[in-house]
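Trainee: mind looking at a prediction? Sequence and model below.
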Amino acid sequence: IDLPSYAGTDVLVKGSYIYASVGADGGGLVRVRKNSPSSFDSVNDFYAIDDARSLAVEGSTLGVLKGTDGGITYFDTSDTGNSRNVLSDVSLERQVDFAGTATIENSKSTIDLLSDITVVALGDGGTKLIATDDATNTEIIQIDAINGTSTLTADKTVTNAVTLDKDLLFRANGEAGVDFYRLSKKARNIDDGDTVTHTR
């Protein structure tokens, strides 16, 4: 299947569809029908998001992470049945932007969703943990990228990938390796004032 743009960056399967992110200029979210992949239409099955880098799904919510600048676009995939055959008609739940982050072009960044928590790796912007009760109530916790050391400059210690497992947050930081954090409460119960603690 010939997709828009020139860099495939992530893929996942949800229900009857395969979703993919394509990055760089002209990038975005692609949706392909599992039982009819040849029916892919670059107009009707594509939602433009420049520098789309990663996808994650929790329930019916699909999050798409972009870079330069960093941001998340959330979609409601529960309405992608026969009544909504055009991807541009899929409900756009909300957009969260992180100006001045993920500024390094052609870089790796990832997103993970767990219950009402989203965590994103934003390269030089470190990590952001987003707690969302609904589309209008969003709390953001910042975890900076690891500082450069005498042997590793700051551009070698950017946060490339993140994942959540219950109350633990793991980060991959380029040449600086992996570190992890513990949330002060279970991720699904995070409230105002909750913090993260550097564990190792």
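Mentor: Yes, it's here.
Trainee: find the residue ranges of the chain scoring beneath the pLDDT cut-off.
Mentor: Along the chain, the model assigns pLDDT under 70 to residues 79-86, 88-89, 133-137, 149, 185-200.
Trainee: and the residue of the chain most remote from its centre, which of the three is it?
Mentor: Within the chain, Ser150 marks the point farthest from the mean C-alpha position, 31.2 Å out by CA atoms, centre = their mean. Under the three-state scheme (DSSP: H, G, I helix; E, B strand; the rest coil), the conformation of Ser150 reads as coil.
Trainee: list the contacts of it.
Mentor: Contact criterion CB atoms under 8 Å, 6 or more residues apart in numbering gives no residues in contact with Ser150. The way it works is simple: take the backbone N, C-alpha and C, and place the C-beta from them, glycine included.
Trainee: again, but for Gly123
Mentor: Counting by CB under 8 Å, 6+ apart, the residues that Gly123 touches are 67, 70, 101-104, 107-109, 145, 158-160.
Trainee: do you have the helices of this structure handy? List them.
Mentor: If you assign secondary structure with DSSP state H, the chain ends up with no helices.
Trainee: now go through the contacts of Gly123 and say which are in strands.
Mentor: For these, membership in strands holds for Gly70, with DSSP state E as the criterion.
Trainee: which single one of the contacts of Gly123 is nearest to Ser184?
Mentor: Using CB to CB, Thr159 comes nearest to Ser184 of the contacts of Gly123, at 20.6 Å.
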